[in-house]
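Trainee: next come a sequence and a model predicted from it.
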Amino acid sequence: MKLTIWTGAMLASILLAAHSGAVDTGQIKGRVLDVTTQQPVAGATVIVEGTGLTATTDARGAYTIVNVPAGAYIVRVEKKGTRSILLRVTVIAGQAATADFKLASTPVAGAKEPPRPD
């Protein structure tokens, strides 16, 4: 079979595009539990700050955020009536980073913005 220059160039560009899209992102996944009861917290919002990427926890308190560009992020979890929690997470291309949170089940009087992780 004879390959033309055009066919070879098209094949190379398709392979390069597929390869580059697969390697530059990862995932963040984890669970959100009640700090006192250790029960899952459903309906909490998990936010990757500065990206617009979010997820909502399911009945098991689990969440997964896909297509997160590789890098370091602050991940926030919040649910109405509780104090939000922040964690620093590093996403490695092609891998899943884990960020598990424990929320207080009762509102914190006079709750302020949580301190930024170092």
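Mentor: That came through fine.
Trainee: sort out which residues of stretch 29-40 are buried, please.
Mentor: Across stretch 29-40, burial judged by 16 or more other C-beta atoms under 10 Å covers 29-34, 40. The C-beta positions use only the backbone N, C-alpha and C, and glycine is treated the same way.
Trainee: helix or strand: which one has the nearest residue to residue 117 once chain neighbours are set aside?
Mentor: Spatially, and ignoring its direct neighbours in sequence, residue 117 is nearest to residue 88 (4.2 Å; C-beta to C-beta, 6 or more residues apart in numbering). Assigned by DSSP states H and E, residue 88 falls within strand 85-91.
Trainee: given that strand, what are its sheet partners and their directions?
Mentor: Sheet pairing for strand 85-91, assigned by DSSP bridges, gives strand 71-78 (antiparallel).
Trainee: what's the following helix or strand after the strand of greatest length in the chain?
Mentor: With secondary structure taken from DSSP state E, the chain has its longest strand at strand 25-34. Sequence-wise, the next helix or strand downstream of strand 25-34 (DSSP H and E) is strand 45-48.
Trainee: what lines up beside that following strand in the sheet?
Mentor: Strand 45-48 sits in its sheet next to strand 53-56 (antiparallel), strand 71-78 (antiparallel), going by DSSP bridges.
Trainee: buried stuff in it?
Mentor: Those would be 45-48, for strand 45-48 by 16+ other C-beta under 10 Å.
Trainee: only C-alpha atoms, please: export that strand in CSV.
Mentor: What follows is strand 45-48, C-alpha atoms only, in CSV (Å, rounded to 0.1, in the frame of the first residue of the first chain):
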residue,chain,number,x,y,z
THR,A,45,-20.8,21.4,46.0
VAL,A,46,-17.2,20.8,45.2
ILE,A,47,-15.4,23.7,43.4
VAL,A,48,-12.0,23.8,41.7
